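1. Return a 3D structure for these sequence lines:
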Amino acid sequence: MMGGMATEETRTTMTSPAIRRSAESTAPETPAPRAWTTRLVVAGIVLAALNLRPAITSLGALLEEVRDGLGMSGGVAGLLTSVPPLCFAVFGVTAPRFARRFGPATVVCAGMVAITTGLAVRPYIGGTAGFLAASALALMGIAVSNVLMPVIVKRWFPDRVGSMTGLYSMALALGTSAAAAVTVPVTDALGGEWQSGLVVWAGLAAVAVLPWILLVRARGTDFRDRGPAAAVATRTGALGPAASEAGRTGDRKPAAAAAAAARTGDLGPAPAVATRHEPDGLRITRSPTAWALAVFFGLQATAAYITMGWMAQIFRDAGVAAGTAGLLLAVTMVMGVPLAFVIPRLATRLPHQGPIVVALGLCGLAGYAGLYLAPAAGAWAWALLLGISNCAFPLALTMVGMRARTGAGVAKLSAFAQSTGYLLSIPGPLLVGVLYQHSGGWGLPLAMMAGLMVPQIGVGILAGRNRTVEDEAAA
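-> Below you'll find the model as predicted:
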């Protein structure tokens, strides 16, 4: 069934009166399913985002108990905190290929199932190797969902990339902070066993599976399923430029009709189909902006996973109680709730995102200095500053949508930036564990973390320039 924008495309590109009458007669019937499907997509995005970090921050809150229970050394614990970026790098790069074959909604649905299964079995599978394997399964689901979220946002809400990225990032931050805040109290309430505190997050992941199952089953929801009018619009390029330009500038008026078409499933094909009509020769590695964004993504991910994996332990070593340390980690994560909504909207209104990059980096440097000089006395201030600094993640996601002009470009840039970035971030948490074990303190790890913030600011400024990867790759 074709929506309003698709009907207009049919009337302007097809000459058959019968086709016109058919399209016009079906148009009034589309608003209800369109609204229902749109709400379901929003619910799916929010629930998926809520589940993209509890697997990591719940473990960070109980890392000492898990280490003792499984007999881990500091080096092995560092390896454990490096597993998330490793999985994101290895599995994230496969997401566009799976999306082309099965459709983005199907892949995200499978990702939510993998998260549920991994979180359910890892506390009870036994041994360090089994714990790592089950964690990897959950992180595989997180990885493919990470990559496809910007693609889904760009396809369904091309005129609201900033606000929808903000909503997604806000939900992600909420899930991250909730897991950090309540894991220790929930563990105590369930008898004090760390297994109980970790397994409860499988329930939240199971809830996230439901809307994606409905989206996969709903006719026309998967981005591969398009009507004839959408195919014509795709071949003529009628929808793509308007939607992409609106996504970059935040201007809603030019792309309002394109957005309506997106919500009915008529915006255009999935990345697999899009590449048949858009230039298939986009060599993302020829774009300096793509490399700058990938390195920026990697350095912010390094800081984020060190924070999620080790910050609670830093506070505990400074004499802060375990429950309070978990709350401090939650404060750091919850800062992303309001800022993840504000920063993307602000970024889409600026011609250059460099000033935001600099402001976030300076907050990170101040937070690391505070952790070194007075970790317990100024704990709440340092948690707030590092929480602000960690909002480089929603900024990076927003720039992925802004630095590409086409849907296929967004998919390629998202996969490249996230996979390369997470690959670069793998050594960070591991090095922190090794330095902590061999130095017996946090001076060297904190110095390393502060040192990495300087190049993060530099490449972030380069990634924030107003240009697209398609133009650079074609030059």
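2. Assign a three-state SS to residue 444, would you?
-> Secondary structure, DSSP: H, G, I helix; E, B strand; the rest coil: residue 444 is helix.
3. Count the residues that sit near the closest residue to it other than its chain neighbours.
-> The shortest distance from residue 444 to any non-neighbouring residue, by Cβ to Cβ, 6 or more residues apart in numbering, is to residue 435 (4.5 Å). In this view, the C-beta of every residue, glycine as well, is placed from N, C-alpha and C. Residue 435 is flanked by 20 other residues according to other Cβ atoms under 10 Å.
4. Is residue 435 inside a helix or a strand, and which specific one?
-> helix 427-439 (DSSP states H and E).
5. and that helix, what's its mean pLDDT?
-> Averaged across helix 427-439, the pLDDT comes to 86.
6. Quick check: the residue nearest to residue 314 when sequence neighbours are not counted vs residue 313, distance?
-> If the residues on either side of it in the chain are set aside, residue 314 comes closest to residue 442, at 5.6 Å by Cβ to Cβ, 6+ apart. Distance, residue 442 to residue 313, using Cβ to Cβ, to the nearest Å: 9 Å.
7. now the helix holding residue 435, how far from the chain's geometric center?
-> Mean-position distance between helix 427-439 and its chain equals 26 Å (Cα atoms, centre = their mean, to the nearest Å).
8. which other residues reach that helix?
-> Contact with helix 427-439 is made by 73-79, 81-82, 85, 302-303, 305-306, 309-310, 442, 444-445, 448-449, 452, as judged by Cβ atoms under 8 Å, 6 or more residues apart in numbering.
9. Any of the residues you listed buried? List them.
-> Neighbour counting over those (16 or more other Cβ atoms under 10 Å) leaves 74, 76-79, 81-82, 85, 302-303, 305-306, 309-310, 442, 444-445, 448-449, 452 as the buried ones.
10. three-state assignment of residue 52?
-> Classified using three-state DSSP, residue 52 is coil.
11. Actually, residue 168.
-> Residue 168 - assigned by three-state DSSP - is helix.
12. Residue 124 now?
-> Residue 124 ends up coil, using three-state DSSP.
13. follow-up on the earlier one: the residue nearest to residue 314 is in contact with residue 311, isn't it?
-> No - in this structure, residue 442 is not within contact of residue 311 by Cβ atoms under 8 Å, at 10.3 Å.
14. ranges for the helices of the stretch 201-350 of the chain?
-> Remark: helices assigned in the stretch 201-350 of the chain by DSSP state H, counting those that start in this stretch are 201-217, 228-236, 240-249, 256-264, 271-277, 288-317, 322-334, 336-348.
15. Quick one: distance of stretch 295-307 to the chain centre.
-> 13 Å.
16. what secondary structure does residue 128 sit in?
-> Quick answer, by three-state DSSP: residue 128 is helix.
17. Now do it against residue 92, distance only.
-> Separation of residue 128 from residue 92 (Cβ to Cβ) stands at 24 Å.
18. of these two, who's got more company?
-> residue 92 (29 against 17).
19. What residues does residue 163 make contact with?
-> Here residue 163 is in contact with 157, 341, 344-345 (Cβ under 8 Å, 6+ apart).
20. cool, and residue 310?
-> Residue 310 neighbours (Cβ under 8 Å, 6+ apart): 60, 63, 81, 429, 432-433, 436, 445.
21. tilt between the strand or helix carrying residue 355 and helix 288-317?
-> Counting by DSSP H and E, the element that carries residue 355 is helix 354-373. Between the axis of helix 354-373 and that of helix 288-317 there is an angle of 20 degrees, by axes from the mean of the first three to the mean of the last three Cα atoms, to 10 degrees.
22. Numbering from 32 from now on, please.
-> Sure, I'll start counting at 32 from here, so that last one is helix 385-404.
23. Quick check: buried residues in helix 385-404?
-> 385, 387-388, 391-392, 394-399, 401-403.
24. and stretch 183-200, what's its mean pLDDT?
-> On average, stretch 183-200 scores 80.
25. Any regions of the chain where pLDDT drops low?
-> 32-65, 105, 250-312, 506 (pLDDT under 70).
26. try it again with 50
-> 32-64, 251-310 (pLDDT under 50).
27. residue closest to the middle of it?
-> The residue lying closest to the centre of the chain (Cα atoms, centre = their mean) is residue 177, at 4.1 Å.
28. what comes up buried for the helix or strand where residue 79 lies?
-> Here residue 79, judged by DSSP H and E, is contained in helix 62-81. Going by neighbour count (16+ other Cβ under 10 Å), the buried part of helix 62-81 is 64-65, 68-69, 71-81.
29. Hey, what's the angle from the helix or strand that comes right after it to helix 353-365? Just curious.
-> For helix 62-81, the following helix or strand on the C-terminal side (DSSP H and E) is helix 85-92. Interaxial angle, helix 85-92 versus helix 353-365 (the same axes, to 10 degrees): 140 degrees.
30. who's in contact with helix 85-92?
-> Outside helix 85-92, the residues touching it (Cβ under 8 Å, 6+ apart) are 97, 111-112, 115, 146, 149-150, 166, 169-170, 173, 206-211, 214-215, 228-229, 232, 235-236, 336, 339-343, 356-357, 360, 364.
31. Could you give me the buried positions within stretch 124-132?
-> Applying 16+ other Cβ under 10 Å to stretch 124-132 flags 124-127, 129-131 as buried.
32. got CSV for those, with distance to residue 424 too?
-> Rendered in CSV, the data for these read as follows (distance: Cβ to Cβ, whole Å):
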residue, distance to residue 424
124, 19
125, 21
126, 17
127, 20
129, 23
130, 22
131, 26
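33. any idea which helix or strand carries residue 165?
-> In this structure, residue 165 sits in helix 158-187 according to DSSP H and E.
34. Give me the distance between the residue nearest to residue 232 when sequence neighbours are not counted and residue 248.
-> For residue 232, ignoring the flanking residues on the chain, the nearest one in space by Cβ to Cβ, 6+ apart is residue 85 at 4.4 Å. Distance, residue 85 to residue 248, using Cβ to Cβ: 26 Å.
35. which of the two has more neighbours?
-> Using other Cβ under 10 Å, the more surrounded residue of residue 85 and residue 248 is residue 85, with 27 against 11.
36. what sits against residue 172?
-> Neighbours of residue 172 in contact, by Cβ under 8 Å, 6+ apart: 141-146, 149.
37. and with 6 Å instead?
-> 142, 145-146 (Cβ atoms under 6 Å, 6 or more residues apart in numbering).
38. before we move on, what about residue 352?
-> Residue 352 neighbours (Cβ under 6 Å, 6+ apart): none.
39. same deal with residue 491?
-> Contacts of residue 491 (Cβ under 6 Å, 6+ apart): 327, 388.
40. How about residue 357?
-> Here residue 357 is in contact with 92, 211, 215, 343 (Cβ under 6 Å, 6+ apart).
41. Surely the last one is in contact with residue 354?
-> Just to be clear, that refers to residue 343. No - with contact defined as Cβ atoms under 6 Å, residue 343 does not reach residue 354; the gap is 10.1 Å.
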